[in-house]
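>>> show me the folded form of this:
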Amino acid sequence: MSSHSLLAVAVEVGTLAALSGGVSFVVAVVYRWWGRERVPEGIALLLGLTAVALVLNTEQTLRQVLDSGGGGGIDEAVRTVTTFTASAIVADLGRRVGDRGAASAFSEGATARFDRELAQVVRAGGRVLAVTLPEDVDDIDGYDPVPVETKEAFAGERFVFPRRVTVGELEDRIRARLEDDYGVGHVDVAVTADGDVTYLAVGAREAGLGPTLAPGAAAIAVQADPANAASAGDVVQVWTASADGEPERVANAEVRAAVDDVVTLVLDADDAAALADDVAYRLATLPSAPAVEREFAALLRAADETMGAVVVDADSPLQGSVVGALDVTVAAIRRPDRGVTPIPARDTPIEVGATLYVVARPDALRAFETAAANVTAPVDAVADAPVDSGDD
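The predicted model follows:
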């Protein structure tokens, strides 16, 4: 093989290797911008070598058509192997360089304008819908507030979602992103038909024993010998030995947890003050069920719904209707002259001055409170209406 032929082969190999590296570089940059993570090594390498394979296959096909004498034998095989080897090396190099540059650019925010313009180009092409969260994020009533640092992290953030989604689906996707990416427990969001977020409020998911404690109750860990098969939720009597050695009942309590000889009890705050941390108590299980209100509080704490109290005023549109006509679940109703009725029947009338204790998701509860107060709020959009992404 002449020097001229070697030079031509070297140029061809270098060109194809550069093509492979360029494709891998572009894939790494786009993947980092789109998914905010490193592209898998196999994907970048495969796409880079695919571009080389397409060029080589096209070249071989043209040679077979134009040259009936066949290929070059061993020289052709060596050239092909060398080309793929060099292309694989350059493709991996292009992937590393592209991912490192894209990670640095997109994480530091120095190219926020480029990111925004590129997203607008993609959106104009009808592929995605960009949604910008408001700068002011409210707190949901009835939930613990989300830390200010967390709200500042996503305030004004722009999320990209697939095109052709309804308003309800878009709201669900925003909730999922905030809950998964930022650890927010509950999200109340309102979106218009144009994809604009008009209201955003968040709340932290309550944890621990505190949210399940009734007013005037306390939780305390004591040394105790629990009864056989006693478990969380059992109502027990707490006994100890008096000064003369006779057994003495200290209080009634509810078992919340037990580890070896340490038991966490829930009882009245006054009775909790009488327990000592250096006394070993004995527990006697009582044949009664745990308090219904505590069980309900525990279930509500783990659910996405919350409870709210709505008072029916004289000018409220709810007066005269019945419980079954409401879009929310009524857990109880307090009427001025009849006390509290838990789980009212569907035909229970709603009177002026009554207080409705409803269970619903934060957005449904907010809409119900607005309707009950006879306040005309702007309707953002229908939940199943498609979002206008600005495309034709």
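>>> what number of residues lie near residue 157?
Per other Cβ atoms under 10 Å, the neighbour tally for residue 157 reads 14. Any C-beta I mention is one placed from the backbone N, CA and C, and that applies to glycine too.
>>> what sits against residue 314?
residue 352 (Cβ atoms under 8 Å, 6 or more residues apart in numbering).
>>> measure it to residue 373 for me?
According to Cβ to Cβ, to the nearest Å, residue 314 and residue 373 sit 12 Å apart.
>>> setting aside sequence neighbours, what's the nearest residue to residue 48?
residue 91 (3.2 Å; Cβ to Cβ, 6 or more residues apart in numbering).
>>> per-domain residue ranges of the chain.
Under the assignment automatic domain parsing, the domains of the chain span 3-108, 215-290, 306-360.
>>> from residue 352, how far off is residue 324?
Taking Cβ to Cβ, one finds residue 324 at 19 Å from residue 352.
>>> for those two, indicate the residue with more neighbours.
Using other Cβ under 10 Å, the more surrounded residue of residue 324 and residue 352 is residue 352, with 15 against 11.
>>> about what we covered before: any idea how far the residue nearest to residue 48 is from residue 164?
Taking Cβ to Cβ, one finds residue 91 at 35 Å from residue 164.
>>> residue 153 - that's part of a strand, no?
No. Counting by DSSP: H, G, I helix; E, B strand; the rest coil, residue 153 is located in no strand; its state is helix.
>>> give me the phi and psi angles of the closest residue to it other than its chain neighbours.
Distances taken as Cβ to Cβ, 6+ apart place residue 182 nearest to residue 153, at 6.3 Å, with adjacent residues excluded. Note on residue 182: its backbone torsions stand at phi -120, psi 0 [degrees, to the nearest 10].
>>> what's around residue 182, how many residues?
For residue 182, using other Cβ under 10 Å, the count is 15.
>>> now residue 372
Residue 372: 22 neighbours (other Cβ under 10 Å).
>>> all the helices of the stretch 101-250 of the chain, in order from the start?
112-124, 148-154, 167-182 (DSSP state H, counting those that start in this stretch).
>>> worst mean pLDDT among those helices?
Here the helices of the stretch 101-250 of the chain differ in mean pLDDT, and the lowest is helix 112-124 at a mean of 49.
>>> tell me the centre residue of this protein?
residue 179 (2.4 Å; Cα atoms, centre = their mean).
>>> so what's the residue lying closest to that residue once chain neighbours are set aside bridging to?
Once flanking residues are discounted, residue 179 sits nearest to residue 187: 6.4 Å by Cβ to Cβ, 6+ apart. In this structure, residue 187 bridges to residue 202 when assessed by DSSP bridges.
>>> which residues touch residue 249?
237-239.
>>> go again using 6 Å as the cut-off
Applying Cβ atoms under 6 Å, 6 or more residues apart in numbering, one finds that residue 249 lies in contact with 237, 239.
>>> dig out what it forms beta bridges with.
In beta-bridge terms (that is, DSSP bridges), residue 249 pairs with residue 239.
>>> now do the one 5 residues further on
Beta-bridge pairing for residue 254 (DSSP bridges): residue 235, residue 266.
>>> quick one: neighbours of it, just the number.
Count around residue 254 with other Cβ under 10 Å applied: 20.
>>> that one contacts residue 267, correct?
No. Using Cβ atoms under 6 Å, residue 254 is not in contact with residue 267, being 7.1 Å away.
>>> now residue 252, nearest residue through space, not along the chain?
residue 237 (5.7 Å).
>>> mind listing what residue 15 touches?
Per Cβ under 6 Å, 6+ apart, neighbours of residue 15: none.
>>> show me what contacts the residue lying closest to residue 329 once chain neighbours are set aside?
Spatially, and ignoring its direct neighbours in sequence, residue 329 is nearest to residue 359 (4.6 Å; Cβ to Cβ, 6+ apart). Taking Cβ under 6 Å, 6+ apart, we find residue 359 in contact with 305, 307, 329, 331.
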